[in-house]
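# Give me a 3D structure for the following:
(one chain, ligands or ions: 1)
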Amino acid sequence: MDTPKLYSLPKLGYSYNALAPVISEDLLRLHHDKHHAAYVKGFNTAMEELGKARAAGDYRLIKHWSKEFAFHGSGHVLHSLYWAGMSPKGGEPKGELLEAMGRSFGGVEPCKTQFVETTKAVEASGWGVLAYEPYMGHLVVLQAEKHQDLTVWGVVPLLVCDVWEHAYYLKYQNKRPEWTKTFLENLVNWDDVAERLTAAKA
Ligand code: MN3
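Numbers count the residues shown, from 1 in each chain. Reported below is the predicted structural model:
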């Protein structure tokens, strides 16, 4: 059995003073070297603890470590995108991105305005996110108030199981594990899952 590789703190693509005066050197060092590094550490710890739980067959702390995994994992992914999404030179949207902004928002300025208004509306801590919604092919602006509530950002779902009570209660009542096990043993279209894995890696 392979052990998953550990995550590491990505290096910045520019020097620590390159974004000043918008982001000062002190702030960038603190944010990258301390805050982001803490997410990476937490992500790896959660991954290791989940591995220990699997090895021991002891899932008593699964809720805790799943939440830790989502919280630190999303923090790591979002900060990595954040650093990569900035450049000392700045720039303008062009090509395919420019066209997509036109289709989805009516242009660059409406997109930027919506981004500003959306992030203004984020309660307390959070993120503004410009994202690609693959089902309709739209660009969308989202606010992420609790990034961990959206699992690990950037993962590609391969298989999902509905565990809202409406999905199983008429037959399985409070026996959710029985529903989930039956689902996995009898219902899953593994060919579809495999195709999604291939597509996700392409
Ligand atoms: Mn941060």
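
# Name the residues of the longest helix seen in the chain that come out as buried.
Secondary structure of the chain per DSSP state H: the longest helix is helix 62-84. Residues 65-66, 68-80, 83 are the ones in helix 62-84 that count as buried (16 or more other CB atoms under 10 Å). Just so you know, the C-beta spots here come from the backbone N, C-alpha and C atoms, and that holds for glycine as well.

# Could you name the helices and strands sitting against the next helix or strand along the chain from that helix?
Next in sequence after helix 62-84, counting helices and strands by DSSP states H and E, comes helix 95-105. Contacts defined by 3 or more CB pairs under 8 Å, 6 or more residues apart in numbering; DSSP states H and E place helix 95-105 against helix 108-120, strand 138-144.

# I'd like the ones you listed laid out as a markdown table, including distance to Ala199, mean pLDDT and mean neighbour count.
Supplementary listing: these in a markdown table, determined by distance: least, CB to CB, whole Å; pLDDT from 0 to 100; neighbours: other CB atoms under 10 Å:
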| stretch | distance to Ala199 | mean pLDDT | mean neighbour count |
| --- | --- | --- | --- |
| helix 108-120 | 27 | 91 | 14 |
| strand 138-144 | 19 | 88 | 16 |
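
# Can you list the helices and strands that the longest helix of the chain packs against?
Helices and strands touching helix 62-84, by 3+ CB pairs under 8 Å, 6+ apart, are helix 37-56.

# how far off helix 62-84 does the helix it packs on point, in degrees?
Computed with axes from the mean of the first three to the mean of the last three CA atoms, to 10 degrees, the direction of helix 37-56 lies at 140 degrees from that of helix 62-84.

# Against His138, how distant is Glu99?
Going from Glu99 to His138 by CB to CB, to the nearest Å gives 13 Å.

# Repeat that for Pro10.
Noted for Pro10: a distance of 28 Å to His138, by CB to CB.
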